[in-house]
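Undergrad: got a predicted structure plus its sequence, pasted below:
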Amino acid sequence: MYRPLPTPKEMAQWDRYTIEEFGILGEILMENASRNIFYVLKKYFPSLKGKKVLIFAGSGNNGGDGFALARHLLNQGAECKILHTKEFSHYKKETAYHLSLLRKLDVEFSLISNTDLSKLETPDIIIDGLLGTGFEGSLREDYLSLVRFINSFKGKSFILAIDIPSGLNGYTGKPSPEAIKADCTVTFEEAKIGLYMPEARDYVGDLYVCSIGIPEFVKKSNPPKHFLITLEAFKSIPSIDDLSHKGKAGHVLIIGGSPGLTGATTLAALGALRAGAGLVTVATLKELAVEIKQGWPEIMTLPLKHKEGWSKETFYELEDHLERFDSVVLGPGIGREKGVLEFIKIYITKTSLPTVYDADALFAIAQDKALLKELTNCVLTPHPGEMARILGTSNVEVQKDRISAVRKCADELKDGVAILKGACSLVAKSKGPLFLCPVCCSNLAIGGSGDVLAGIIGALLARGMSLVDSACVGVLWHAMAGEVLKELYPKRGNLAQEIAHLLPKVLDRGQKGELPFYGTFS
């Protein structure tokens, strides 16, 4: 359900521990890496005989992977040319070992600084082994020129990046300031978190994650702080058999609605129903109940009669009913009147039900940030603008470092989970790990989409799933519905309610492993 997404530093620690403490030779790990690159290339080129391959070898382990790969390519009849950045004497340890093996074969080497790149023929394949995941800062001018040179072959040569496209930051996924635009990237043991950031997609191409033999013991002894939500998440949803009744599927309460904003509550209710909740009730102001119910007989309503709208008195009217529900979604369409904050304050102090705080509930909480430290048994679902308001910063600052933003929000909670919605949504547990959803889908960028997501999470909470699992599964389920909608509406134009209506079909495909997923694991 969750795969590790190590940072470059965490990955380096795994390598170091494997070699120095566990005792597996670095030369073996490098050989394993090169074989995996070779096997991936064979998927694109079943026959490598006569293929012209240009290998760019930097001074680190990526260069060593390139040296080892060249041996396998030569064995298949490929014509390899090695462009290396350093004199042979500068290569050390396992990289020097694999270079020494390659030098025994009939292969052409050329020091890049002594090479007129403009005279090189267009190769069939380019291997980018210049810089690895440890790269930070900005590209030096000489490397920037090499990146631009390799990219000039885009569309003419097949470009494969070893571990990470050179110039891409392994933590943020951002080019610095440019990066290789690979057709595919072969990374080792686990994908570094930067490879799954949305900014990286145009550079990584097809992503292959290949094991090189780092023991599970090493990874579990040094766990990372970030994880990928995978399709296995669909199998964690509690099943409802044919002998079950509606009560076993959970009862979700949606609290919200105000004049002109009843659609949000309806969409949240639809999200919960389509996610399998047995019962869904919307608690709303009396004059709005008919409007919400109209056209949707499956949605029950709990009209609140207090004539001055949302307030602490409205909560007291609702309080005696709360024991009937298994989870709550608070905020869709509730509005921003002064009384909303009063309602939410007393709700927080008087209620222990697992609660999704969404939309205008987040606006209210941002008005009194002390409430964050009182929140428990909760899931917060802000988009970047709402997150900026909660943290007292700007949308730009949130988007600049989404990981830090969602962590900061989660750590403010007494006990709960924060989601930062957007391309590759993030889920963070208070004082705990962070989880990344690998989906970027513009079909989800429509009004009402977040209301559906809140309803999905509410339904999962009502089925007894934990806060973290409900948030992670909900985010992936919602995102994959967007991917399926992309098949039906390739130019967008879908409706938010269609996200909800597709959920059962998406669940079925997800449990069968039939949904598109970014990254191939071996």
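TA: Looks like it arrived, so ask away.

Undergrad: wait, Val186 touches Phe38, no?
TA: No - between Val186 and Phe38 there is no contact under C-beta atoms under 8 Å: 9.4 Å. For glycine as for every other residue, the C-beta is placed from the backbone atoms N, C-alpha and C.

Undergrad: out of the two, which sits in the busier spot?
TA: Between Val186 and Phe38, Val186 has the larger neighbour count (other C-beta atoms under 10 Å), namely 28 against 19.

Undergrad: what pLDDT does Gly134 get?
TA: On the pLDDT scale, Gly134 is placed at 88.

Undergrad: check Ser239 too.
TA: For Ser239, the model assigns a pLDDT of 85.

Undergrad: with Leu243 instead?
TA: For Leu243, the pLDDT comes out at 63.

Undergrad: equivalent analysis for Lys486, please.
TA: Note for Lys486: predicted pLDDT of 95.

Undergrad: how about it, what does it touch?
TA: Contacts for Lys486 were tallied using C-beta atoms under 8 Å, 6 or more residues apart in numbering; they are 441-443.

Undergrad: what's the closest non-adjacent residue to Arg407?
TA: In space, Arg407 comes closest to Ala428 once its chain neighbours are excluded; the distance is 5.1 Å by C-beta to C-beta, 6 or more residues apart in numbering.

Undergrad: assign the one you found to helix, strand or coil.
TA: strand (DSSP: H, G, I helix; E, B strand; the rest coil).

Undergrad: where's it relative to Ile237, distance?
TA: Going from Ala428 to Ile237 by C-beta to C-beta, to the nearest Å gives 21 Å.

Undergrad: follow-up on the earlier one: and the residue nearest to Arg407, how many neighbours?
TA: For Ala428, using other C-beta under 10 Å, the count is 28.

Undergrad: repeat for the one 4 residues further on
TA: The number of residues packed near Gly432 is 13, by other C-beta under 10 Å.

Undergrad: ok, what's across the strand from Val427?
TA: In this entry, Val427 is beta-bridged to Ile419, Phe435, by DSSP bridges.

Undergrad: does it touch Cys472 like I think?
TA: Yes - Val427 lies in contact with Cys472 (C-beta under 8 Å); the separation is 5.2 Å.

Undergrad: who touches both of the two?
TA: In contact with both Val427 and Cys472: 229, 435, 437, using C-beta under 8 Å, 6+ apart.

Undergrad: picking that back up, could you flag which of the contacts of Lys486 are buried?
TA: Buried by 16 or more other C-beta atoms under 10 Å: 441, 443, out of the contacts of Lys486.

Undergrad: which one among the contacts of Lys486 gets closest to Pro46?
TA: Within the contacts of Lys486, the smallest distance to Pro46 is 32.5 Å, found for Cys441 (C-beta to C-beta).

Undergrad: circling back: list the contacts for the residue nearest to Arg407?
TA: Applying C-beta under 8 Å, 6+ apart, the residues near Ala428 are 406-407, 409-411, 417-420, 434-435.

Undergrad: filter these down to the buried ones, ChimeraX style.
TA: The following ChimeraX line selects those of the contacts of Ala428 that are buried, judged by 16+ other C-beta under 10 Å:
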select :406,407,409,410,417,418,419,420,434,435
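
Undergrad: among the contacts of Ala428, which pair sits farthest apart?
TA: Within these, Asp411 and Phe435 form the most distant pair, 15.1 Å apart (C-beta to C-beta).

Undergrad: domains of this structure?
TA: According to automatic domain parsing, the chain comprises the domains 2-224, 231-514.

Undergrad: ends of the first one, how far apart?
TA: From its first residue to its last, domain 2-224 covers 12 Å (C-alpha to C-alpha, to the nearest Å).

Undergrad: do stretch 379-397 as well
TA: 22 Å.

Undergrad: among the domains of the chain, which is nearest Ser522?
TA: Minimum separation from Ser522 across the domains of the chain (C-beta to C-beta) falls at domain 2-224, 5.0 Å.

Undergrad: touching, Val218 and Phe22? I think so.
TA: Yes - counting by C-beta under 8 Å, Val218 touches Phe22, with 6.1 Å between them.

Undergrad: and the two? Which one has more around it.
TA: Ranked by neighbour count (other C-beta under 10 Å), Val218 and Phe22 place Val218 first, with 18 against 14.

Undergrad: list the contacts of the more buried one.
TA: By C-beta under 8 Å, 6+ apart, the residues touching Val218 are 14, 17-18, 22.

Undergrad: out of the domains of the chain, which gets nearest to Thr520?
TA: Comparison of the domains of the chain against Thr520 by C-beta to C-beta identifies domain 2-224 as nearest, at 5.0 Å.

Undergrad: quick revisit: now the contacts of Val218 as CSV including distance to Thr281?
TA: Shown next, in CSV, are the contacts of Val218 (distance: C-beta to C-beta, whole Å):
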residue, distance to Thr281
Trp14, 49
Tyr17, 53
Thr18, 54
Phe22, 56
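
Undergrad: ok, so of the residues you listed, who is nearest Gly385?
TA: Using C-beta to C-beta, Trp14 comes nearest to Gly385 of the contacts of Val218, at 37.3 Å.
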